[in-house]
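Trainee: give me coordinates for this.
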Amino acid sequence: MTGTRIALALIALLLLAAGALTACSPLTVINALSPAGDTHATRAVSYGPGQRNRLDIYLPKRIDGSAPVLVFYYGGNWVSGERADYAFVGRALAARGIIVVIPDYRLYPEVSYPTLLDDPALALAWTVREIARFGGDTKRLFAMGHSAGGYNAAMLALDARRLAGFGLTPAVLRGWIGLAGPYDFLPVENPTARPVFHFPDTPPDSQPINHVSASAPPALLIAPVRDSLVNPQRNTGGLARKLREHGVAVSEHYYDGVSHTTLIAAFSPPLRQLAPVLDTVADFITKK
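Mentor: Coordinates of the predicted model:
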């Protein structure tokens, strides 16, 4: 076995043992093995009044005002997560010419549904208003999330109420990307997520699949073939079918070499052999 394959196997085992991308150790390893290269970052930018209303911006080396922009929402079951842990995602996409905005946002128990969507919406509205001064093109704006963050991105793209308070509609998005997101999960089975969504009285309007319309922006949906945390057939497959029924353009991909956890980790250089997630996402953004 080559040194690269040994490193790949060790990191994959470490991530699998961690069980989720919320533990410090695996993410520290991934970020250490994901150098900035020809990218740079502007950190801890305030987008609102709260302590968690801070974001990091990852920038390509050369920017001419026409760079596409991606707002990325990390996962963590709506109870955990830190923007700095996902530097590897920002660096990977910035190296492909994409400006990446990664916000922190309030988590349970400070917020629950629907308030948990207020900060993600605020961060997107801030990006629309401010990203041009960093060289981004607001006409090429995308939202992406992994796991719980995929839910956040989906709700901003599908539920027009989320952005209405900022004078925006989902049409501000050129497209959106969901990575192993939960889009149709009633009744709530995950014990951590149950209080977040007021189980057993979870409102049906909490489900992204219930907000699909013909005006939804184009979608890229990616999931593992097998996922013990978020059923890909029901969530990714079900949402893709409903989007198509409404005439919305959707690209759907399933990868066999990744788990729920390593799907996002595959953005990191040592784990890119697991699945072409970075290439698929970058192509979707840069070709629109």
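Trainee: quick check: E252 vs G150, distance?
Mentor: Using Cβ to Cβ, to the nearest Å, we find E252 at a distance of 14 Å from G150. Where C-beta positions appear, they are placed from N, C-alpha and C, glycine not excepted.
Trainee: with G90 instead?
Mentor: Applying Cβ to Cβ, one obtains 17 Å for the distance of G90 from G150.
Trainee: show me where pLDDT drops low in this structure?
Mentor: Per-residue confidence for the chain (pLDDT under 70) gives these ranges: 1-25.
Trainee: ranges for the helices of it?
Mentor: Under the criterion DSSP state H, the chain contains helices at 3-18, 24-32, 87-94, 118-130, 148-158, 161-164, 238-245, 260-265, 277-286.
Trainee: ok, which of those helices comes nearest D184?
Mentor: Taking Cβ to Cβ as the criterion, helix 238-245 is the member of these that comes nearest to D184, at 5.2 Å.
Trainee: what helices or strands is that closest one leaning on?
Mentor: Secondary structure elements in contact with helix 238-245, counted by 3 or more Cβ pairs under 8 Å, 6 or more residues apart in numbering; DSSP states H and E, are strand 219-224, strand 250-255.
Trainee: can you rerun that using 10 Å?
Mentor: Packing contacts for helix 238-245, counted by 3 or more Cβ pairs under 10 Å, 6 or more residues apart in numbering; DSSP states H and E, involve helix 148-158, strand 219-224, strand 250-255.
Trainee: switch these over to a markdown table; also include distance to K288 and mean neighbour count.
Mentor: Formatted as a markdown table, the helices and strands packed on helix 238-245 follow (distance: least, Cβ to Cβ, whole Å; neighbours: other Cβ atoms under 10 Å):
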| stretch | distance to K288 | mean neighbour count |
| --- | --- | --- |
| helix 148-158 | 14 | 28 |
| strand 219-224 | 10 | 25 |
| strand 250-255 | 11 | 17 |
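Trainee: now these as a markdown table including distance to E189?
Mentor: Output for these, formatted as a markdown table (distance: least, Cβ to Cβ, whole Å):
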| stretch | distance to E189 |
| --- | --- |
| helix 148-158 | 14 |
| strand 219-224 | 17 |
| strand 250-255 | 22 |
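Trainee: wait, which of the ones you listed is closest to Y47?
Mentor: Using Cβ to Cβ as the criterion, the shortest distance between Y47 and the helices and strands packed on helix 238-245 is 14.4 Å, found for helix 148-158.
Trainee: return the set of buried residues in stretch 265-275.
Mentor: The neighbour-count criterion (16 or more other Cβ atoms under 10 Å) identifies A265, A266, F267, S268, P269, P270, L271, R272, L274, A275 as the buried residues of stretch 265-275.
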